[in-house]
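> Need a 3D model of the sequence below.
(one chain, ligands or ions: 1)
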Amino acid sequence: MTRHISPYHAPGFYDDALARGRHRDIVGGRWDETGRLQMQILREAGLLPHHRLLDIGCGSLRLGCKAVPYLNPGHYWGTDLSAALMRRGYETELADKDRLPPGQLVEDKDFAFPGIPVDIDHAIAFAVFTHLPAAHLGRALIRLRARFPRLQRFLFTVFLADAARAQEAIRQPDGVVTHPDRPPYHVQAQDVAALAQSAGFAARPLPGRLPRGQILWEAIPA
Ligand SMILES: C[S@@+](CC[C@H](N)C(=O)[O-])C[C@H]1O[C@@H](n2cnc3c(N)ncnc32)[C@H](O)[C@@H]1O
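Sure thing, here's the model as predicted:
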């Protein structure tokens, strides 16, 4: 069987799941709870309605449904590997469609952020790099730093492994088993910090418990 870097990269994955009406399951379910949690994280980090938020790997707008009504109209942007998934979220989940021009949901498979305006000041990638090898996080950090000079804070989640066990499968606190070389992926804290530093950020893990044992990180431009 061919192994893909993530389940999302398997041919036909989005078409099949969307045909079965599974746009909430594609992003991990726990719809309201996880959307609310992301909003709480952003509010505690200082997000205010006048800020401009980029939701990287935004999926079917689990966060977008909460962030769009909170932010000033037009201040939310989302990117994802799948335009069809974002479109389904927009059509079926977003109550305040007049607050989000559909062109602000941008298909982007390699964190190039095409067409996203330079005045983004906050970015989040929740449960995205948990599904991708660490090089993707490195690329995203470099591009964020280069593209968005007003960025104040980038929040993202990863699964962590300590050095002694980083090459093994690890059972995380919620029971999810993570791997060094296949999804869901774990990474060492020192490697996250080094990727951030070489991209021009100072990054640190934040306290608090997240679903499935993910760890929240904050990267601030250095
Ligand atoms: C677990 S879901 C989380 C979605 C969203 N952040 C949330 O919390 O609701 C992971 C998301 O990452 C997206 N994704 C996977 N690989 C990607 C890539 N290379 N570039 C952009 N998005 C990607 C998937 O399509 C999916 O929407």
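> Pretty sure P205 sits against I215.
Yes: counting by C-beta atoms under 8 Å, I215 is a contact partner of P205 at 5.2 Å. For glycine as for every other residue, the C-beta is placed from the backbone atoms N, C-alpha and C.
> which neighbours do the two share?
Both P205 and I215 are contacted by L160, under the criterion C-beta atoms under 8 Å, 6 or more residues apart in numbering.
> In terms of neighbours, single out the busier of the two.
Taking neighbours as other C-beta atoms under 10 Å, P205 and I215 compare with I215 leading, 22 against 15.
> Check for me that E218 belongs to a helix.
No: using DSSP: H, G, I helix; E, B strand; the rest coil, the secondary structure at E218 is strand, not a helix.
> Any figure for the gap between it and E44?
For E218, the distance to E44 equals 11 Å [C-beta to C-beta, to the nearest Å].
> same question, L144
Distance, L144 to E44, using C-beta to C-beta: 21 Å.
> same deal with D191?
D191 is 26 Å from E44, where distance means C-beta to C-beta.
> more neighbours, those two?
Each of D191 and E44 has its neighbours counted (other C-beta under 10 Å); D191 has more, 17 against 10.
> so what pLDDT did that one get?
If you check D191, the pLDDT there is 98.
> Am I right that it is in a strand?
No: D191 sits outside any strand when classified using three-state DSSP, being helix.
> Distance of the closest residue in space to R204 that isn't next to it in sequence relative to the ligand?
Once flanking residues are discounted, R204 sits nearest to E218: 6.0 Å by C-beta to C-beta, 6 or more residues apart in numbering. Separation of E218 from the ligand (C-beta to the nearest ligand atom, to the nearest Å): 16 Å.
> Give me the phi and psi for the most centrally placed residue in the chain.
Nearest to the mean C-alpha position of the chain, by C-alpha atoms, centre = their mean, lies A125 at 2.1 Å. Torsion angles at A125 (phi, psi; degrees, to the nearest 10) stand at phi -140, psi 90.
> got it, and I170?
Per degrees, to the nearest 10, the backbone of I170 is at phi -130, psi 140.
> what sits against it?
Shown in contact with I170 (C-beta under 8 Å, 6+ apart): F159, A161, V177, T178, H179, H186.
> now do 10 Å
By C-beta atoms under 10 Å, 6 or more residues apart in numbering, the residues touching I170 are F159, L160, A161, D162, V176, V177, T178, H179, P180, H186, G213.
> Tell me which of the residues you listed fall in strands.
If you go by DSSP state E, those have F159, L160, V177, T178, H186 in strands.
> And the first one, how close does it get to H186?
It refers to F159. To H186, F159 is 4 Å away according to C-beta to C-beta.
> joint contacts of these two?
What both F159 and H186 touch, as defined by C-beta under 10 Å, 6+ apart, is the set T130, I170, Q172, V176, V177, T178, H179, G213, I215.
> How about this structure, which of its residues are in the neighbourhood of the ligand?
Applying C-beta under 6 Å from any ligand atom, we find that the chain lies next to the ligand at 6, 8, 27-28, 34, 57-59, 62-63, 80-82, 85, 108-109, 126-128, 131-132.
> Of those residues, grab the buried ones for ChimeraX.
Burial among these is assessed by 16 or more other C-beta atoms under 10 Å; the matching ChimeraX selection reads:
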select :6,8,27,28,34,57,58,59,62,63,80,81,82,85,108,126,127,128,131,132
